[in-house]
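K.L.:
dropping the sequence and predicted coords here.
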Amino acid sequence: MKNTIQYGKKIDTALSMWVKLMRAYATFQRKNAEHLKNFGITAAQYAVIECLGHQGPLLMGELCRKMLVSGGNMTVVVDNLEKEGLVERVPSNDDRRAIMVRFTPKGKKIFDESFSKHAGYLTQLAAVLTEEEQQDLGRLLKKLGCTLREEP
């Protein structure tokens, strides 16, 4: 049964957009996580692998900022990647309090072997939208995210 309560056009539109955004994200992320199981890695772990694969070694703080997660959360993910022999922590040459995270040879191999396959899978998922629609959606999501980050 459809909810018939209405709060006004602006509020109803914003709530509808939010629900659709959350449902689309949850579905896309679930399919992403299922696909990553083929590589024996979680979505959070793969996000770190992908970031290091494109950015190179990063300080823990930089990795947290790029991934939009807390230090505590990142520590657990990096701990698990380290246990699997995919990354290593190295003291920074510039600041001995800082820790650099970088690939091990095994981690680099996982990235090299998985990235194009996973990117192809995500491309298949996104193909329900035309390339123009994907670009429009990307632009709108960036506008939404950047604007909200700027608000107090």
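P.N.:
Nice, thanks for sending it over.

K.L.:
part of a helix, is Tyr7?
P.N.:
No - going by DSSP: H, G, I helix; E, B strand; the rest coil, the assignment for Tyr7 is coil, not a helix.

K.L.:
pretty sure it sits against Leu15.
P.N.:
Yes - using CB atoms under 8 Å, Tyr7 makes contact with Leu15 at a distance of 7.2 Å. For every residue, glycine as well, the C-beta is placed using N, CA and C.

K.L.:
and the next element down the chain from the helix or strand of the chain with the lowest mean pLDDT?
P.N.:
Lowest by mean pLDDT, DSSP states H and E among the helices and strands of the chain is helix 60-67, with a mean of 89. Going down the chain from helix 60-67, the next helix or strand is helix 71-83, by DSSP states H and E.

K.L.:
specify the angle between that following helix and helix 60-67 in degrees.
P.N.:
100 degrees (axes from the mean of the first three to the mean of the last three CA atoms, to 10 degrees).

K.L.:
begin at 19, not 1, for the rest of this chat.
P.N.:
Right, with 19 as the first residue, what we last looked at is helix 89-101.

K.L.:
what is in contact with Tyr25 and Leu33 at once?
P.N.:
Among the neighbours of Tyr25, none is also in contact with Leu33 (CB atoms under 8 Å, 6 or more residues apart in numbering).

K.L.:
where does the prediction get shaky in the protein?
P.N.:
Judged by pLDDT under 70, the chain has its weakly predicted residues at 19-22, 169-170.

K.L.:
Provide the secondary structure category for the residue positioned nearest the centre of it.
P.N.:
The chain has Ala65 as the residue nearest its centroid, 5.1 Å off, counting by CA atoms, centre = their mean. Three-state call for Ala65 (three-state DSSP): helix.

K.L.:
excluding chain neighbours, what is closest to it?
P.N.:
Met85 (5.9 Å; CB to CB, 6 or more residues apart in numbering).
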